[in-house]
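A.B. asks: Just a sequence and a predicted model for now, questions to come.
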Amino acid sequence: MITVVHCWSAPRSRSTALMYSFDCREDCVGIDEPLYREWLIRKGDTVLRPYGQSLIDGTVPEGETNESCWKRELLTLGERIAEVAKKLGPTGVVFCKHMAKHSFLYDFDNECQVENLDLVHRHLLLIRDPVAVLSAWEKAGGVHGNNPTSDEVGVVPLLAIHSKLESRRGNSSHAVVLESDELASDPEGTLSAVCASLGIPYRMSMLSWKSGPKECDGPWAKWWYDSVHKSEGWNRTSTEGGEFQASRRYRTLDMSLMSSLKSSFPAYEYLRQLTTKYANRGPSPKAMYEDPRNEHLLVWIGAPEHGRLFPRSMAGVSPWDSSVQGGDGCWEGLRVYRGKILSLDKHLRRLMRSAKALGYENVHTKEQVTEAIFQTLAANGMRDNAHMRLTLTRGEKYTSSMNPKFNVYGTTLIILPEWKPTEGATTYDNTKGITLISASQRRNSPSTCDSKIHHNNMINNILPKIQANLAGAADAIMLDLEGYVSETNATNIFMVDDEGVLLTPHGDHCLPGITRGTVITLARELGIPCEVRRVSLAEFHAAEEVFTTGTMGELTPVTMIDGRVIGSGRRGEITKRLQEAYRALPERPGWATDIPPFAEE
């Protein structure tokens, strides 16, 4: 079987070096841009090249001696492949280097076959950051002009090629996407992985070649290939050096090319996420996501009247957003139960109070936030067993600064939905319970950063969480400045003393959580005596029951604090009664908001 590799790329993407890399294999022959001549014919006078007419006519320009190099350009792509394939015999590789802008000339539905030979066609999309492509454009501007369109930059046509291949072949035979910089940083590993993806064996000979012109070069080589001709392989250069390698070159982007960059970048970002390097940037999705649906979510981001849904992998806020510049934001967590959102109105009113206390201007209205929530839930098909994190930032600035006067676009709303059970790998065990330690950090007071504002300045919480992680505990109890218990790094906290009284710290140094308030209400309904007062750490150590409360994890029993077993070391009866009452709340009138029906069309 002969494998025909069609490598589609943009200019300045190391495609010629990759052709040389394949051509160095004993079982491979490279073909340099076999659609170029036809492309020039189609473009006519709109594209000028110093060798253009000679290439179209197949005539040898004055001063050129390699007549066969020019004559072979008169052959069609199919004829070129057939000519080379017959020389290779029954097995081998034909490497066809193509420019992406030539792809409209390729028949993806009827790829050429050669009589008595078994050909299989594979497609490789070689991408490169359009910033790097355009920054280097001036170097060859004398040949192809200094006003490149997104078509010239190539990444938009590459996305079109990918779309054609996916629609024709489905996911079982997709194109291989390769980031050009991977070749420069790890040539052996990258080439080995590419060969495996293409279904051909890797050869060590692919790492190096002799400097100078090559037999596979197109007749235009002397106008384009000066740098790569000086190279001797991926990791070696001749004394004059080769530009395609992983060397540092600091170039300035001509701002007149910004339009081409902006139109190219979305396509590049999409294709980049299909590369092996991107897929391997962290643990596998199977290892990370308790629910596999969380890999592909739609999240809401945007200013008032400008928000919309984004795929998870493409979501992001501006680096000029206040949440990035200064942690300037407030947030809420919401839970979805059986077609309802619990305590939605309370959460949104608290969000608006936080925004007002922070002095936000041009803020999303409560109605706008509610509409965005419903759209997000509908898009993800979420009606149960889901959690949402709402973040409202001061918004995008027009310059880097902590000064709110530079925020002129309105607040930024971010809604992150997830399929997240109340008990699981990312929450707590509400039956067996959890272990806590006491943190060395104190909970900040209203004199520093008031927790009544549900703000994003959470380093005060994150440092104790790191302590808990290192100690093998679920969370850490934080004390106030006078040594009384405030809350944990993530939740409010309750205890039951030996007289059956439910105690929880007052809200001076903690966020008086909505779930905390709900539990106090439920306790009174159930006839459980409840007090809100200062509670010491020693009282928690000696408690009969302890549990934490929060929207994400509901009510979670605590069985050990700082090595002290709490009560019997198991979930207590009062904790269990309150858990059962809490779980019934979504069906009780006035406690939850119905999610509208999702349209089927």
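C.D. replies: Received, thanks. The structure presented is a predicted model; accordingly, all values stated were derived computationally and were not measured.
A.B. asks: Okay, strands next: where are they in the stretch 51-200 of the chain?
C.D. replies: Assigned by DSSP state E, counting those that start in this stretch, the strands in the stretch 51-200 of the chain fall at 92-99, 119-127, 176-179.
A.B. asks: Make JSON lines out of the ones you listed and add mean neighbour count.
C.D. replies: Bear in mind the C-beta positions are built from the backbone N, C-alpha and C, glycine included. JSON lines is the format used below for the strands of the stretch 51-200 of the chain (neighbours: other Cβ atoms under 10 Å):
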{"stretch": "strand 92-99", "mean neighbour count": "24"}
{"stretch": "strand 119-127", "mean neighbour count": "22"}
{"stretch": "strand 176-179", "mean neighbour count": "24"}
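A.B. asks: Indicate which one of the ones you listed is closest to Glu487.
C.D. replies: strand 176-179 (45.6 Å; Cβ to Cβ).
A.B. asks: Tabulate the strands of the stretch 51-200 of the chain (JSON lines), appending mean pLDDT and distance to Tyr409.
C.D. replies: As requested, the strands of the stretch 51-200 of the chain are exported to JSON lines (pLDDT from 0 to 100; distance: least, Cβ to Cβ, whole Å):
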{"stretch": "strand 92-99", "mean pLDDT": "96", "distance to Tyr409": "40"}
{"stretch": "strand 119-127", "mean pLDDT": "95", "distance to Tyr409": "32"}
{"stretch": "strand 176-179", "mean pLDDT": "96", "distance to Tyr409": "33"}
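A.B. asks: Could you dump those strands into JSON lines and include distance to Ser205?
C.D. replies: What follows is these, written out as JSON lines (distance: least, Cβ to Cβ, whole Å):
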{"stretch": "strand 92-99", "distance to Ser205": "12"}
{"stretch": "strand 119-127", "distance to Ser205": "19"}
{"stretch": "strand 176-179", "distance to Ser205": "19"}
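A.B. asks: Residues contacting the host helix or strand of Arg389, please?
C.D. replies: Per DSSP states H and E: Arg389 is located in strand 386-393. Contacts to strand 386-393, defined as Cβ atoms under 8 Å, 6 or more residues apart in numbering, come from residues 317, 321-323, 328-336, 347, 351, 354-355, 360, 363-364, 369, 373, 376-377, 380, 411-420, 456, 551-552.
A.B. asks: Filter those down to the ones in strands?
C.D. replies: Among the contacts of strand 386-393, the members falling in strands are 329-336, 412-419 (criterion: DSSP state E).
A.B. asks: ok, so of those residues, who is nearest Val4?
C.D. replies: Trp419 (43.1 Å).
A.B. asks: ok, the ones in strands among the contacts of strand 386-393 vs Leu183, which is closest?
C.D. replies: Leu416 (35.5 Å).
A.B. asks: For that closest one, which residues are in contact?
C.D. replies: Leu416 neighbours (Cβ under 8 Å, 6+ apart): Leu297, Val299, Met388, Arg389, Thr391.
A.B. asks: Export stretch 22-41 to CSV, keeping only CA atoms.
C.D. replies: Taking Å, rounded to 0.1, in the frame of the first residue of the first chain, the C-alpha atoms of stretch 22-41 are listed here in CSV:
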residue,chain,number,x,y,z
PHE,A,22,9.8,13.1,4.5
ASP,A,23,11.8,13.1,1.2
CYS,A,24,14.8,11.8,3.2
ARG,A,25,13.1,8.6,3.8
GLU,A,26,14.2,5.8,1.5
ASP,A,27,10.5,4.9,0.9
CYS,A,28,9.3,8.4,0.2
VAL,A,29,9.3,11.0,-2.6
GLY,A,30,8.3,14.6,-2.1
ILE,A,31,6.2,16.6,-4.5
ASP,A,32,6.4,20.4,-4.1
GLU,A,33,3.1,22.3,-4.6
PRO,A,34,1.7,20.4,-7.5
LEU,A,35,-1.4,22.7,-7.7
TYR,A,36,0.6,25.9,-7.8
ARG,A,37,0.7,26.2,-11.6
GLU,A,38,-3.1,25.7,-11.9
TRP,A,39,-3.7,28.2,-9.2
LEU,A,40,-1.6,30.8,-11.1
ILE,A,41,-3.6,30.2,-14.2
